[in-house]
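Student: Here's my sequence, what's the structure:
(one chain, ligands or ions: 1)
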Amino acid sequence: MSPLEVRISECAGFCWGVERALELAAEAADNAPVPVSTLGPLIHNPAVIAELEARGVRVISSPEEATGGTVIIRSHGVPRETKEQLAASGMTVVDATCRFVTAAQVKAERLRKAGYFVIILGEKDHPEVLALRSYAGPDSLVVQSPQDLPESLPASRVGVVVQTTQTQEQLGELARWLAPRCRELLVYNTICNATEQRQSAAVAMAEEVEAVVVVGGRNSANTRRLAELCASRQPRTFHVESAAELDAAWFDGLQVVGVTAGASTPPEQIEAVAERLRGFGA
Ligand code: F3S
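Tutor: Purely as a prediction, here's the structure:
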């Protein structure tokens with residue numbers, strides 16, 4: 001039997017914002033006033049959260065649960081009121097909001113102040129969108145597609161900002177619908193290309209291998225989406241959280257396997273999966 005060839009996708013694992021949030025959390029665990037907590041799980045990866053917990057970083061779900069010390073704001077950001085509440089609490093605040101998310105918040109606020117009717121393209125209950133809305137103002141509207149918009153718009157000057165993980169296709173569809181219906185349309189394309197890069201690299205890889213392993217938390221939306229996209233190109237696609245879940249029988253008789261991972265999967269988990277796969281064919 002010859003060894004299984006393992007190809008790791010060109011673009012897999014941590015994005016810039018997640019990497020920075022984890023660095024800030026590790027720094028806080030070592031040096032910041034205790035207790036240290038994160039407002040919501042820092043990333044959607046159970047192993048990483050357990051590791052942080054072992055270092056004394058616990059997850060809380062609201063600022064009221066914080067009992068002094070240090071609070072970390074995750075890369076999705078938080079609503080402006082939450083930020084103000086934390087600043088007034090006297091606790092040390094570590095702000096790990098991703099710079100691409102901050103840029104979208106700044107633009108949403110700019111549109112509101114300039115008197116535009118603000119439309120946010122995104123998932124209405126997602127924490128990033130809830131935060132974005134606090135900058136866009138209470139009159140703003142969150143939509144996933146043009147179908148969510150009223151037939152006649154409440155204003156003729158319309159501004160658009162986008163949740164960082166939406167697709168260019170969704171934005172194009174919205175802009176095409178809006179353009180003929182308003183007198184002035186200002187679109188800020190605040191999509192971050194980290195998600196798109198991971199998806200297109202994974203799809204290209206899935207077309208060239210005999211099986212794909214997608215590594216990452218089952219609670220990670222971007223990892224699940226990667227698995228769906230890979231499965232549409234390569235039906236032999238497996239989503240695992242760790243190397244221990246791999247079953248040699250899945251790869252019987254195969255020669256080339258591809259590995260990819262969501263933006264919240266650490267490099268050690270990707271390498272552990274690749275290493276175990278290499279051992280299968282031997
Ligand atoms: Fe930031 Fe983009 Fe990652 S917005 S958190 S770099 S997916």
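Student: pLDDT value on residue 43, please?
Tutor: The score at residue 43 is 89. That number is its pLDDT.
Student: my bad, residue 205
Tutor: Here, the pLDDT recorded for residue 205 equals 97.
Student: which non-adjacent residue is nearest it?
Tutor: Distance criterion CB to CB, 6 or more residues apart in numbering; nearest residue to residue 205, sequence neighbours excluded, is residue 258 at 4.4 Å. No exception for glycine: its C-beta is placed from N, CA and C like everyone else's.
Student: On the three-state scheme, the one you found is what?
Tutor: Three-state call for residue 258 (DSSP: H, G, I helix; E, B strand; the rest coil): strand.
Student: What count of nearby residues applies to it?
Tutor: Residue 258: 26 surrounding residues under other CB atoms under 10 Å.
Student: correct me, but it touches residue 213?
Tutor: Yes - using CB atoms under 8 Å, residue 258 is in contact with residue 213, at 7.3 Å.
Student: Now for the residue in the stretch 151-282 of the chain that the ligand sits nearest to: which residues touch it?
Tutor: Taking CB to the nearest ligand atom, the ligand has its nearest neighbour within the stretch 151-282 of the chain at residue 192, 3.1 Å off. Taking CB atoms under 8 Å, 6 or more residues apart in numbering as the criterion, residue 192 is in contact with 15, 17, 98, 100, 164-165.
Student: Show me how far the helix or strand where residue 228 lies is from its chain's centre.
Tutor: Assigned by DSSP states H and E, residue 228 falls within helix 221-233. With CA atoms, centre = their mean, to the nearest Å as the basis, helix 221-233 stands 14 Å off its chain's centre.
Student: roughly how far apart are residue 26 and the ligand?
Tutor: According to CB to the nearest ligand atom, to the nearest Å, residue 26 and the ligand sit 17 Å apart.
Student: Leaving out chain neighbours, which residue sits closest to that residue?
Tutor: The nearest residue in space to residue 26 (CB to CB, 6+ apart) is residue 55, at 7.5 Å.
Student: tally of neighbours for the one you found?
Tutor: Neighbours around residue 55, by other CB under 10 Å: 12.
Student: now swap in residue 33 and tell me
Tutor: For residue 33, using other CB under 10 Å, the count is 11.
Student: and the helix holding residue 228, does that touch the ligand?
Tutor: No - using CB under 6 Å from any ligand atom, helix 221-233 stays clear of the ligand, coming no nearer than 7.4 Å.
Student: can you map out the helices along the chain?
Tutor: Taking DSSP state H to define them, one finds helices in the chain at 16-31, 46-54, 80-88, 99-113, 127-136, 168-178, 193-206, 221-233, 267-281.
Student: Right, I'll call it a day here.
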